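Q: here are the coordinates; sequence isn't available:
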């Protein structure tokens, strides 16, 4: 089938550069898959999990919280606001962030920021999914 180069970069650092067999990412209109020889594509990413299949059919995961993805016949570049490999995710920290955001949504304090609360929920839910815990 061949391979495609996957590069994932955040403003802070390069997360990953690896040859993979396929990538599935949370595009603006839903999850989309990219295989070698894909037609050129650029899309926004929303918070979610990027799945990438390594040689031998082993699927890995990483959480992203938005950004862009550019795909082509031999390369996928993800420029993410935030990205974490599943092995780097602090599960307890993500659970605590979800709990704080849920409390904030319930209490709706003065200066309530719905967009921030939803972003925190989505970002940290993606982190838990990427870490493969509920």
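A: That came through, no problem. All values reported here derive from a predicted model rather than from experimental measurement.
Q: pLDDT weak spots in this protein?
A: 1, 133-134 (pLDDT under 70).
Q: the domain parsing of it - what is it?
A: Domain assignment for the chain by automatic domain parsing gives 4-86, 89-130.
Q: mean neighbour count for the ones you listed - can I get that in TSV?
A: Placement of C-beta: from N, CA and C, glycine included. Below are the domains of the chain laid out as TSV (neighbours: other CB atoms under 10 Å):
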stretch	mean neighbour count
domain 4-86	17
domain 89-130	15
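Q: would you agree residue 83 is in contact with residue 11?
A: No. Counting by CB atoms under 8 Å, residue 83 does not reach residue 11; the two are 10.3 Å apart.
Q: what sits closest to residue 41 if chain neighbours are left out?
A: Among residues not flanking residue 41 along the chain, residue 71 sits closest, at 4.5 Å (CB to CB, 6 or more residues apart in numbering).
Q: identify the bridge partners of the one you found.
A: Taking DSSP bridges as the rule, residue 71 bridges to residue 41, residue 76.
Q: for it, give me its contacts.
A: 23, 34, 38, 40, 41, 42, 77 (CB atoms under 8 Å, 6 or more residues apart in numbering).
Q: and of those residues, the nearest to residue 87?
A: Ranked by distance to residue 87 (CB to CB), the contacts of residue 71 are led by residue 23 at 18.0 Å.
Q: how about the strands in this protein?
A: 4-9, 14-20, 22-27, 30-34, 41-54, 58-71, 75-80, 83-85 (DSSP state E).
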